[in-house]
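Student: coordinates only, sequence not included:
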């Protein structure tokens, strides 16, 4: 049932300082919009790029991730008023990762045009597939923004090797994302894909024997900046989730009542007594003694993780290793 997901061999090397100072002046009467378009995104195939009245739109298609840095540097030099990302979560992750070298902490307001098969960030911001560039610009003029911070995953030994995104997972989450590719092949997207993936993973974990891959824990060690263990010291964990998103598809609340900032959720082992509580936990109802069931919820400013297997960031896989996870810059997104 599983289908392969794209795996990166290494993390991109970000430059330590912005390439250029943006130096934007007062907003133009006719705004300048830079659009990064992914023509391979599910809802972009066969369609022309979006345009908008009362705006000057520069659309760039970066077929290679390494081209993004040059394109975004040109946008920064031009002093764009808005940066639109026309694609799915993976496109957003790549733009944020490479854009850090072009914009630093001085990003223009962002417009997300959700064209992927799953669009977790769009769900968080309340965007629908009908969300259009022209409508977004009208709302931007009315200062309709939501603020979010990215999470930054950097190699422990080389902090300039880093990626930025919004939803990180490890352990059985990596196998579940592969299953999500199957859900897409069946025609399930967005919230439906989340439901299919979650239901199948839970069923396999609950019904399978102890040697089954769906019940197998992964080497995951999580510590604070001093190297002291957090969330217990079990070197094997079943699943790790971390995000800065505040709203999730289907009303899920994997981090309970926590909404703001960097959040971390861990399940140590797939004990059946723990799995039985997944449905209520998924909607924010945590047990009175979560540690007894192997559950941990934390809101650290940063943490270190060492993984024996790949981790997923916004739908694609990155290699095992030692990483530091922290908060990125605060960004403004145009919202309905």
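Tutor: That came through fine. Quick caveat: nothing in here was measured; it's all calculated off a predicted structure. Numbering: from 1, shown residues only.

Student: mind listing the strands for the stretch 1-150 of the chain?
Tutor: If DSSP state E, counting those that start in this stretch is used as the criterion, the strands of the stretch 1-150 of the chain fall at 32-37, 56-61, 82-87, 110-114, 145-155.

Student: Model confidence for residue 206, exactly?
Tutor: The confidence metric pLDDT takes the value 64 at residue 206.

Student: again with residue 188
Tutor: Reading off the per-residue confidence, residue 188 sits at a pLDDT of 34.

Student: Now do the buried residues in stretch 263-279.
Tutor: When neighbours are counted by 16 or more other C-beta atoms under 10 Å, the buried residues of stretch 263-279 are found to be 263, 264, 265, 266, 267, 268, 270, 274, 275, 277, 278. Using the backbone N, CA and C atoms, a C-beta is placed for each residue, glycine as well.

Student: Now do the same contact list for the nearest residue to the first one once chain neighbours are set aside.
Tutor: Pointing back at residue 263 there. Across the structure, with C-beta to C-beta, 6 or more residues apart in numbering as the measure, the residue nearest residue 263 apart from its sequence neighbours is residue 255 (4.2 Å). With contact taken as C-beta atoms under 8 Å, 6 or more residues apart in numbering, residue 255 is in contact with 241, 243, 263, 264, 265, 297.

Student: Residue 255 and residue 30, how far apart?
Tutor: In this structure, residue 255 and residue 30 are 42 Å apart, going by C-beta to C-beta, to the nearest Å.

Student: next one: residue 133
Tutor: Residue 133 sits 14 Å away from residue 30, going by C-beta to C-beta.

Student: what does residue 9 give?
Tutor: Spatial separation of residue 9 from residue 30 under the definition C-beta to C-beta is 43 Å.

Student: lowest-pLDDT helix or strand in this protein?
Tutor: Evaluated with mean pLDDT, DSSP states H and E, the helix-and-strand set of the chain has its lowest mean pLDDT in helix 190-207, which scores a mean of 56.

Student: which regions of the stretch 101-250 of the chain lie under the pLDDT threshold?
Tutor: Counting by pLDDT under 70, the stretch 101-250 of the chain shows low-confidence ranges at 178-211.

Student: all helices for it, in order.
Tutor: Under the criterion DSSP state H, counting those that start in this stretch, helices of the stretch 101-250 of the chain are mapped to 120-125, 133-141, 172-185, 190-207.
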